[in-house]
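Student: whatever this is, show me its structure:
(one chain, ligands or ions: 1)
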Amino acid sequence: MRRTVKIKLTELTQIIIFIVIIQINMILIVYAQNDPSQNNMKLMDEFIENLMSRMTIEEKLGQLNQFPGQRTEDGIRVSKEHVEYIKKGYVGSFLSIAGAVYLGELQRFAVEESRLGIPLIIGYDVIHGFRTIFPVSIAEACSWDPEAVERSARIAATEAAAAGIHWTFAPMVDIARDPRWGRIVEGSGEDPYLGSIMAAARVRGFQGEDLSKPNTLLACAKHFVAYGGAEGGRDYNTVDVSERTLHEIYLPPFHAAVNAGVGTVMGGFNEINGIPMHANRYLLTEILRGKWDFNGLVISDYNAIAEMLVHGIGGTREEVGLLALKAGVDMDMFSGIYLNNIKGFVKNGKLSQKIIDKAVQRVLRAKYQLGLFEDPYEYNNPQRERDILLHPVHLEFAREMACKSIVLLKNENNILPLRKNTGKIAVIGPLADDKDAPLGSWSALGDPNDVKTIMAGIKGAVLPETKIFHTKGCDVQGEDSSGFEYAIKIAKQSDIIILVLGESRFMSGEGASRSTLDLPGLQNELAKIIINTGKPVILILVNGRPLSVSWLVEKAHAVLETWFLGIQMGPATADVLFGDYNPSGKLVVSFPRTVGQIPIYYNHKNTGRPPTEQRNTSKYLELPSSPLFPFGYGLSYTAFEYNNLNIVHDKIGANDTLFISVELENIGKRTGCEVVQLYIQDPCASVTRPVKELRGFQRVTLKAGEKTKVYFQLTMNDLAFYNLNMKRVVEPGSFKVFVGTNSEDVLVTQFEYVGDLLILNENR
Ligand code: BGC
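Tutor: All right, here's what the predicted structure looks like:
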């Protein structure tokens with residue numbers, strides 16, 4: 001009797017579970033049917049399928065090509081041959097052309113004169129602003145302010161979109177540990193954690209909330225992947241990187257961009273372990289699309305598919321095209337190989353039609369998502385273009401962003417900020433009144449005439465009684481010292497000297513690797529004679545990469561790292577010099593003492609013989625082993641004190657979150673913002689771990705004398721690393737936690753993870 005009841009109860013439970021499951025399924029189905037994003041996807045794919053069913057193979061291959069405009073007297077224009085291509089449907093995209101009206105004309109050829117009327121998609125390198133030029137990306141990252149960085153990208157997108165552009169080749173998310181590599185200026189520095197946060201912020205900024213709105217750009221995470229790992233810091237050079245470094249250092253910012261919904265990814269010019277990136281199926285397809293579920297479009301870098309022949313694989317244009325398509329490169333920038341050299345493979349079956357169709361589908365989806373099928377001319381409103389470029393709100397924010405990007409490296413005896421009525425100031429150096437350098441590399445429609453120089457900024461800030469002298473002293477490069485005499489003269493007449501030295505605009509950026517990090521030309525000599533006058537010297541560095549300026553930093557009374565700050569360089573620098581803005585920027589890359597210290601980065605390994613006084617340890621004989629300035633370093637006009645680093649539980653399990661707090665007090669005399677940084681170390685694990693890894697930061701503003709508690713949380717994700725089998729794991733054992741004002745100056749505590757070995761999902 002009891003048994004039957006038991007059986008019946010079990011059956012009843014089963015029936016109930018069954019009904020519940022069916023109900024949940026039905027709810028999910030109804031939800032899916034009503035989910036607008038699912039519906040939109042469905043509509044989009046139906047539309048594209050229908051369109052593709054009418055496309056010839058030539059038209060399909062046509063969509064996979066992007067060609068550049070050509071310089072003419074009227075600006076950058078499309079050649080006659082390419083106009084014919086548009087009409088025949090042999091091109092899907094153009095790059096580096098701007099202007100709402102002209103791009104509207106091109107769009108009309110595509111939409112009204114080609115057989116299927118497929119709109120063009122226009123790409124452009126909108127890296128740090130479009131007409132309103134913001135600080136270069138490495139500078140913006142020094143703000144450690146992702147909201148501000150997002151806003152800067154948002155404004156850039158609004159301006160570029162008003163000029164007919166749909167797609168930016170940004171953000172550049174390459175981690176760079178070698179400042180000889182000129183493209184370090186385009187990224188967010190040496191750290192994958194900060195780099196990932198900045199990557200996601202920029203993607204959000206460019207793409208906005210709804211890509212179909214006409215003020216958004218499709219973003220492009222580039223250059224996939226490890227392009228910044230070029231041997232010797234020489235651009236385009238070979239990359240030989242371990243699977244571990246690839247996964248821990250170079251891939252994370254791309255993964256973050258994908259998780260933030262980036263629409264496109266660009267391949268790097270580099271090879272990795274013998275395979276040029278454009279033939280690297282493992283990375284482009286298995287990791288990017290397979291493991292990370294990236295559904296967007298992959299574009300080649302400029303002519304990079306053809307350049308695989310020079311790398312030494314493939315052997316013919318046909319073969320490299322085949323390699324690229326099979327690896328997962330959907331669109332060919334510039335080479336024309338997809339247009340001219342692929343058709344035969346489809347006909348003879350060496351290339352499956354499916355691969356072409358997938359690539360075409362991705363191109364068409366990008367166009368659809370931008371709303372171009374619905375209204376191909378929505379980005380071509382000249383009135384909007386006139387109204388929005390250099391909008392006063394943009395200029396105002398460019399100044400704020402520039403202020404946030406400045407890093408105060410030294411301030412002996414609080415010589416800064418200067419009084420606005422400082423008697424006589426000599427502003428000396430080739431970059432003090434330079435309108436070109438502040439634009440940095442990739443400055444889109446940036447115009448030197450829009451730039452307010454440091455000189456202009458200083459003049460605008462001081463009171464009328466302050467006298468300003470100015471001379472270049474020498475050029476950035478070159479051997480002409482005839483200006484020295486006058487420089488010494490005005491230096492001697494002045495109470496204070498502002499020395500503005502560094503690199504010119506194109507000494508960093510693409511193809512701008514340097515074998516030395518010294519100040520170029522005669523600038524060191526100029527600095528020496530100025531320092532020898534014995535007057536107080538404020539050094540302003542204007543540059544796209546860390547420079548080795550140890551002796552000068554030692555001699556100068558104050559040092560400001562201003563990078564290339566965009567068109568508001570002058571006013572922002574003056575805001576900081578004269579104390580209207582209290583600097584809060586922190587370096588996102590270590591500054592070496594000399595070029596010979598490279599690579600030098602904070603998250604290095606310990607080695608078996610970390611540097612000590614003893615000879616046989618890991619160091620150079622003639623240098624301290626620390627950098628000149630560490631990652632995360634930056635001063636303020638006020639001072640902060642850290643106390644009582646505290647962990648709520650010193651033992652945690654797998655489901656716990658670790659709560660950490662630290663007391664922060666503004667012990668100086670003015671309001672200031674501090675970037676509080678949290679690092680961890682797993683001191684003993686199954687594979688060696690870095691001495692520190694950034695895992696959190698917060699910008700905290702405190703009034704003079706104010707004190708607060710700053711809280712952080714760490715989860716298992718933050719503690720995980722790749723084990724020997726390249727699984728993301730958390731191993732039981734103790735961890736160190738460091739909190740402080742930069743990567744070296746920290747308080748330390750520790751806790752223990754007492755759970756079991758944890759294996760985490762790749763998709764964090
Ligand atoms: C650069 C890319 C850029 C492309 C288009 C290439 O030389 O490596 O970063 O997006 O040109 O201008």
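Student: show the contacting residues for whichever residue of the stretch 251-400 of the chain sits closest to the ligand.
Tutor: Closest residue of the stretch 251-400 of the chain to the ligand, C-beta to the nearest ligand atom: residue 302 (3.9 Å). C-beta: built from backbone N, CA, C; applies to glycine. By C-beta atoms under 8 Å, 6 or more residues apart in numbering, the contact set of residue 302 is 333-334.
Student: buried residues in stretch 113-129?
Tutor: 114, 118-129 (16 or more other C-beta atoms under 10 Å).
Student: for the residue of the stretch 251-400 of the chain closest to the ligand, which three-state class applies?
Tutor: Three-state assignment for residue 302 (DSSP: H, G, I helix; E, B strand; the rest coil): coil.
Student: phi, psi for it please.
Tutor: Here is the backbone geometry of residue 302 (degrees, to the nearest 10): phi -60, psi 110.
Student: state the pLDDT value of it.
Tutor: In this model, residue 302 is scored at 98, pLDDT.
Student: same question, residue 690
Tutor: At residue 690, the model reports a pLDDT of 98.
Student: what of the one 10 residues further on?
Tutor: Residue 700 carries a pLDDT value of 98.
Student: and the helix or strand where it lies, which strands flank it?
Tutor: Assigned by DSSP states H and E, residue 700 belongs to strand 693-702. Paired neighbours of strand 693-702 in the sheet (DSSP bridges): strand 672-681 (antiparallel).
Student: what residues are up against the residue lying closest to residue 250 once chain neighbours are set aside?
Tutor: In this structure, residue 250 finds its nearest non-sequential neighbour in residue 226, 4.1 Å apart by C-beta to C-beta, 6 or more residues apart in numbering. Shown in contact with residue 226 (C-beta under 8 Å, 6+ apart): 174, 239, 241, 246, 250, 268, 270, 272.
Student: and the second one, how far is that from the ligand?
Tutor: Distance check for residue 239 against the ligand: by C-beta to the nearest ligand atom, to the nearest Å, it reads 14 Å.
Student: again with the fourth one
Tutor: If you measure residue 246 against the ligand using C-beta to the nearest ligand atom, the figure is 20 Å.
Student: now do the SS call for that residue.
Tutor: Here residue 246 is recorded as helix under three-state DSSP.
Student: next up, the contacts around the residue in the stretch 651-764 of the chain that the ligand sits nearest to.
Tutor: Residue of the stretch 651-764 of the chain nearest the ligand, by C-beta to the nearest ligand atom: residue 694 (26.0 Å). By C-beta under 8 Å, 6+ apart, the contact set of residue 694 is 191, 193-194, 603, 632, 677-679, 743.
Student: pLDDT at residue 22, what is it?
Tutor: With respect to pLDDT, residue 22 scores 47.
Student: what do you get for residue 16?
Tutor: For residue 16, the model assigns a pLDDT of 53.
Student: repeat that for residue 108.
Tutor: Residue 108 is given a pLDDT of 98.
Student: now swap in residue 95 and tell me
Tutor: pLDDT, read off for residue 95, is 98.
Student: also the one 10 residues further on?
Tutor: The predicted local confidence for residue 105 comes out at a pLDDT of 98.
Student: returning to that earlier point: how much space between the residue of the stretch 251-400 of the chain closest to the ligand and residue 66?
Tutor: Applying C-beta to C-beta, to the nearest Å, the value for residue 302 to residue 66 is 9 Å.
Student: and for those two, which residues touch both?
Tutor: Common neighbours of residue 302 and residue 66 (C-beta under 8 Å, 6+ apart) are 333-334.
Student: residues contacting the residue of the chain found nearest the ligand?
Tutor: Nearest to the ligand in the chain, going by C-beta to the nearest ligand atom, is residue 169, at a distance of 3.4 Å. Residues in contact with residue 169, defined by C-beta under 8 Å, 6+ apart, are 95, 123-127, 220, 222, 266, 299.
Student: swap in 10 Å and give it another go.
Tutor: The contact partners of residue 169, taken as C-beta atoms under 10 Å, 6 or more residues apart in numbering, are 95-96, 123-127, 217-223, 264, 266, 299, 301-302, 333, 442.
Student: same check, this time on residue 107
Tutor: With the criterion set at C-beta under 10 Å, 6+ apart, residue 107 makes contact with 86, 119-122, 164, 372, 376-380.
Student: is it correct that it falls within a helix?
Tutor: Yes - according to three-state DSSP, residue 107 belongs to a helix.
Student: in stretch 388-397, what's buried?
Tutor: So stretch 388-397, judged by 16+ other C-beta under 10 Å, has buried residues 388-391, 394-395, 397.
Student: and the closest residue in space to residue 230 that isn't next to it in sequence, what's its pLDDT?
Tutor: Using C-beta to C-beta, 6+ apart and skipping the chain neighbours, the partner closest in space to residue 230 is residue 237 (3.9 Å). pLDDT for residue 237: 98.
Student: secondary structure class of residue 237, three-state.
Tutor: coil.
Student: can you check residue 737 too?
Tutor: strand.
Student: how about the contacts made by it?
Tutor: 645, 647, 658, 660, 662, 678-681, 695-696, 712, 714, 746-751.
Student: filter those residues to the buried ones?
Tutor: 645, 647, 658, 660, 662, 678-681, 695-696, 712, 714, 746-747, 749, 751.
Student: follow-up on the earlier one: now the residue of the stretch 251-400 of the chain closest to the ligand: how far from residue 202?
Tutor: From residue 302 over to residue 202 (counting by C-beta to C-beta), the distance is 21 Å.
Student: now do residue 98
Tutor: Taking C-beta to C-beta, one finds residue 98 at 20 Å from residue 202.
Student: so the two - more neighbours on which side?
Tutor: residue 202 (34 against 23; other C-beta atoms under 10 Å).
Student: which is the next helix or strand following the helix or strand containing the more buried one?
Tutor: If you go by DSSP H and E, residue 202 is part of helix 192-207. For helix 192-207, the succeeding helix or strand toward the C-terminus, using DSSP H and E, is strand 220-224.
Student: show the average pLDDT along that next one.
Tutor: Rounded mean pLDDT across strand 220-224 is 98.
Student: same check on stretch 436-452?
Tutor: 98.
Student: CA atoms of that stretch as PDB?
Tutor: Extracted in PDB, the C-alpha atoms of stretch 436-452 (Å, rounded to 0.1, in the frame of the first residue of the first chain):
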ATOM      1  CA  ASP A 436      50.900  70.500 -35.500                       C
ATOM      2  CA  ALA A 437      52.200  68.100 -32.800                       C
ATOM      3  CA  PRO A 438      49.100  68.400 -30.500                       C
ATOM      4  CA  LEU A 439      47.000  66.700 -33.200                       C
ATOM      5  CA  GLY A 440      49.000  63.500 -32.900                       C
ATOM      6  CA  SER A 441      49.000  60.800 -35.500                       C
ATOM      7  CA  TRP A 442      45.600  59.900 -37.200                       C
ATOM      8  CA  SER A 443      44.000  63.200 -36.700                       C
ATOM      9  CA  ALA A 444      41.200  62.700 -39.200                       C
ATOM     10  CA  LEU A 445      40.000  66.200 -40.300                       C
ATOM     11  CA  GLY A 446      42.000  67.800 -37.500                       C
ATOM     12  CA  ASP A 447      43.300  71.200 -38.600                       C
ATOM     13  CA  PRO A 448      46.400  72.800 -37.100                       C
ATOM     14  CA  ASN A 449      44.500  76.100 -37.400                       C
ATOM     15  CA  ASP A 450      42.100  74.800 -34.700                       C
ATOM     16  CA  VAL A 451      44.900  74.100 -32.300                       C
ATOM     17  CA  LYS A 452      45.400  76.400 -29.300                       C
END
